[in-house]
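got a structure for you, letters missing:
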Ligand code: ADP
Ligand code: MG
């Protein structure tokens, strides 16, 4: 039959080049990858057969066979799972489906093959076969289809696909082992490697020698064993398999719930941030099993989106085996499991949070922004989530909690002050903070977009309202605080009134108001949100997502203690506004905009005014 020749997707070709030339010492993990894929394929067929029993007709006992041939130097991994048709083979074994891996490979430099440790960290899946094989032949037939297909490659940039007759259902992968990898045709070696990496696999893994079959694994699902029998290494390997991840689990939660509803959960929180954690679909990733049979990893109802960083499995005997995905929606049993899981996860996080330290900080840095979504999406659990939250603040170097913040509040302070922006370093320099810093009043520095949503919805912590220092009408003068050092005398009120009136006239509609400010100590001016307006940062965020095309005028605040403002105020009071008041007014406003990280409203007018003012100062 006609042989079809195809080139690998560029990223695969690059990946294969790295894999083939790597000196990775841990090559044996290729077997873990192939066994893991075979097990997934069996799980998927078992689930499909719930609604289409014909799919497994004649061969319903799932198993994975390893057939070594030391004479020929081959190893064949055979499963009777779901199989792949022509298009599946081309798509799954010709491209990198997982965009995170694809991006990672793209980012690797030319000398990447020397950097072999990445293979172990990143998991190259099926392609890891080329670490040990000079040639890989895959024969597969998809359940329910009659045509079989052979995929072949030497890992050199191309593969071929040919139709074959009489392929059994499922997938058989034959590796022609490289000279230096012949040990993988040795039964002893296979026993050792399978035990080490794949013992948790619930589908039996059999070693086939002559006409003898030997079971290599315990073949009972890991989560059904008692905790004491499971080593950390086994948990880790299971996590790698279940999550398709290759980092260490940061937290492992394994428990059995008994009572109104029974289920076992084996859950993991990764150490590394999954690349798609902020994908808009916000899908959860824990797999649902019923009586040890894989049902689906697509059930939205199992965990809320704010816990989508969890990985692992939940197994319950209380749902019917033939439950379909549709039936799972709004299923009351599932809703109960979800409630139980969320409670348990948050209580485990609470323990870790109370232990504190770097470990929890690193969790927070990785997943805090996701967890915070729960603050406005899960009202019932809000009180459990808030104490877990960590914040950057003007009062401490590292992370702090709301309890600590409340404990540090000054006498007369009745609100928790916040400021939000995209960049921590810039935030720390915000002019709106100056008055707070001078008095030693703590301000939380918020840099996650989600903060703009949960803060207004939560409103307060221990009855202390959250207030943005960029809101109009914030008054720090009533707070005891430290007394500011070397405070300059302020301009006279009547001088300020004259200046404010002149600036209002010059700026007109472009500002909501012009006011004297108590929040500035160093800067001459700053912008704050108009009364009742959304915060400046939220406004910027919405505009950058094109959810807002309107400009809201802000309040321009003036520092009455700043020499420039004092000088101006005195001059305007004594001599009235000069011809240059327009220029000065707009320059002050543009200056405040620039500090906010925004361009001047009209850059060429800004440049002209700036030149005019400088000219008056310096022209010969
Ligand atoms: P991953 O398992 O993370 O998806 P792999 O590179 O290991 O990545 O496998 C790529 C894809 O190839 C799998 O997602 C699956 O669709 C398909 N595949 C691999 N091995 C098999 C198999 N034995 N049976 C069926 N499909 C398979
Ligand atoms: Mg895989």
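Nice, thanks for sending it over. Not measured: the values here are computed from a predicted model. Numbering: from 1, shown residues only. Ligands and ions are numbered 1, 2, ... in the order given.

Which of the three states applies to residue 315?
strand (DSSP: H, G, I helix; E, B strand; the rest coil).

what's near enough to touch it?
Under the criterion of CB atoms under 8 Å, 6 or more residues apart in numbering, the contact partners of residue 315 comprise 221, 223-224, 263-264, 288-292. Yep, even glycine has a C-beta here, placed from its N, CA and C like the rest.

Tell me, how many residues neighbour residue 284?
The criterion is other CB atoms under 10 Å. On that basis, residue 284 has 21 neighbouring residues.

Over to the nearest residue to residue 455 once chain neighbours are set aside. Which of the three states is it?
Once its chain neighbours are removed from consideration, residue 455 has its nearest residue in residue 466; the separation is 5.0 Å (CB to CB, 6 or more residues apart in numbering). Secondary structure for residue 466, judged by three-state DSSP, is strand.

where's the closest residue to ligand 1 within the chain relative to residue 225, distance?
In the chain, the residue that lies nearest ligand 1 is residue 125 (2.3 Å; CB to the nearest ligand atom). Residue 125 sits at a distance of 27 Å from residue 225 (criterion: CB to CB, to the nearest Å).

Among the two, which residue is more densely surrounded?
Set side by side, residue 125 and residue 225 show more neighbours around residue 125, with 20 against 15, by other CB under 10 Å.

from what I can see that one touches residue 33, true?
Yes: counting by CB atoms under 8 Å, residue 125 sits close enough to residue 33 to count as a contact (5.5 Å).

Got phi/psi on the most centrally placed residue in the chain?
For the chain, the residue lying nearest the average C-alpha position, counting by CA atoms, centre = their mean, turns out to be residue 277 (3.3 Å). Dihedral angles phi and psi of residue 277 (degrees, to the nearest 10) take the values phi -60, psi -30.

Identify the residues contacting it.
Neighbours of residue 277 in contact, by CB under 8 Å, 6+ apart: 308-309, 367, 370.

Output the below-cut-off pLDDT ranges for the chain.
1, 99-100, 109-123, 484-486, 620 (pLDDT under 70).

Enumerate the residues of the protein near ligand 2.
Contact residues of the chain with respect to ligand 2, defined by CB under 5 Å from the ion, are listed as 37, 125.

Could you list the domains of the chain?
With domains defined by automatic domain parsing, the chain comprises 4-219, 223-357, 375-468, 493-619.

What segments of the stretch 501-620 of the chain are strands?
Shown for the stretch 501-620 of the chain, the strands assigned by DSSP state E, counting those that start in this stretch span residues 511-516, 525-528, 554-558.

Within its local environment, how many residues does residue 154 see?
Using other CB under 10 Å, residue 154 has 15 other residues around it.

Skipping adjacent residues, who's closest to it in space?
For residue 154, ignoring the flanking residues on the chain, the nearest one in space by CB to CB, 6+ apart is residue 135 at 5.0 Å.

element containing residue 242, please.
Per DSSP states H and E, residue 242 falls inside helix 232-243.

what lines up beside the helix or strand following that helix in the sheet?
In the C-terminal direction, the helix or strand that comes right after helix 232-243 (DSSP H and E) is strand 249-257. Strands that pair with strand 249-257, judged by DSSP bridges, come out as strand 263-270 (antiparallel).

Relative to ligand 2, how far out is residue 586?
61 Å (CB to the ion, to the nearest Å).

distance of that residue from residue 510?
With distances taken as CB to CB, residue 586 is found 8 Å from residue 510.

who's more crowded, these two?
Residue environment comparison for residue 586 versus residue 510 gives the larger neighbour count to residue 586, 21 against 14, counting by other CB under 10 Å.

list the contacts for that one?
Applying CB under 8 Å, 6+ apart, one finds that residue 586 lies in contact with 506-507, 601, 605-606, 609.

By neighbour count, sort out the buried ones in these.
Burial of those was assessed by neighbour count (16 or more other CB atoms under 10 Å); the buried members are 506-507, 606, 609.

I'd like to know which of those are part of helices.
506-507, 606, 609 (DSSP state H).

want to throw these into a markdown table with distance to residue 334?
A markdown table is the format used below for these (distance: CB to CB, whole Å):
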| residue | distance to residue 334 |
| --- | --- |
| 506 | 64 |
| 507 | 59 |
| 606 | 59 |
| 609 | 64 |
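
Enumerate the residues of this protein near ligand 1.
For the chain, the contact set with ligand 1 under CB under 6 Å from any ligand atom comprises 33, 37-38, 41, 79, 81-84, 92-93, 125-126, 171, 244.

of the residues you listed, closest to residue 142?
residue 83 (4.1 Å; CB to CB).

hang on, the earlier thing: mind putting the contacts of residue 315 in TSV, neighbour count and secondary structure included?
Formatted as TSV, the entries for the contacts of residue 315 read as follows, by neighbours: other CB atoms under 10 Å; DSSP: H, G, I helix; E, B strand; the rest coil:
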residue	neighbour count	secondary structure
221	20	coil
223	25	helix
224	14	helix
263	23	strand
264	19	strand
288	25	strand
289	24	strand
290	21	strand
291	12	coil
292	15	coil
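
and the residue nearest to residue 372 when sequence neighbours are not counted, how many neighbours?
Spatially, and ignoring its direct neighbours in sequence, residue 372 is nearest to residue 450 (4.9 Å; CB to CB, 6+ apart). The local packing count at residue 450 equals 18, with neighbours defined by other CB under 10 Å.

What's the separation between residue 450 and ligand 2?
To ligand 2, residue 450 is 32 Å away according to CB to the ion.

dump the residue contacts of that residue.
When contacts are counted by CB under 8 Å, 6+ apart, residue 450 touches 369, 372-373.

do residue 3 as well
When the contact criterion is CB under 8 Å, 6+ apart, the partners of residue 3 are 160-162.

Residue 417 now?
Taking CB under 8 Å, 6+ apart as the definition of contact, the neighbours of residue 417 are 436, 441-444, 467-469, 474.

Switch those over to JSON lines; also include neighbour count and secondary structure.
Formatted as JSON lines, the entries for the contacts of residue 417 read as follows, by neighbours: other CB under 10 Å; three-state DSSP:
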{"residue": "436", "neighbour count": "22", "secondary structure": "helix"}
{"residue": "441", "neighbour count": "24", "secondary structure": "coil"}
{"residue": "442", "neighbour count": "22", "secondary structure": "coil"}
{"residue": "443", "neighbour count": "24", "secondary structure": "strand"}
{"residue": "444", "neighbour count": "23", "secondary structure": "strand"}
{"residue": "467", "neighbour count": "17", "secondary structure": "strand"}
{"residue": "468", "neighbour count": "26", "secondary structure": "strand"}
{"residue": "469", "neighbour count": "25", "secondary structure": "coil"}
{"residue": "474", "neighbour count": "18", "secondary structure": "coil"}
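
Just give me the closest of these to residue 360.
In terms of CB to CB, no member of the contacts of residue 417 lies closer to residue 360 than residue 444, at 18.1 Å.

check which helix or strand covers the nearest residue to that closest one once chain neighbours are set aside.
Excluding the flanking residues, the one nearest residue 444 by CB to CB, 6+ apart is residue 418, at 4.4 Å. Under the assignment given by DSSP H and E, the secondary-structure element containing residue 418 is strand 416-420.

same deal with residue 434?
Remark: residue 434 resides in helix 434-439, with elements defined by DSSP H and E.

returning to that earlier point: selecting buried members of the contacts of residue 3 in PyMOL, what would you type?
When burial is assessed using 16+ other CB under 10 Å, the buried subset of the contacts of residue 3 is captured in PyMOL by this command:
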select buried, resi 161+162
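
Please narrow the contacts of residue 3 to those residing in strands.
160-162 (DSSP state E).

what's the closest of those to ligand 2?
Distance to ligand 2 across these (CB to the ion) is lowest for residue 161, with 19.8 Å.
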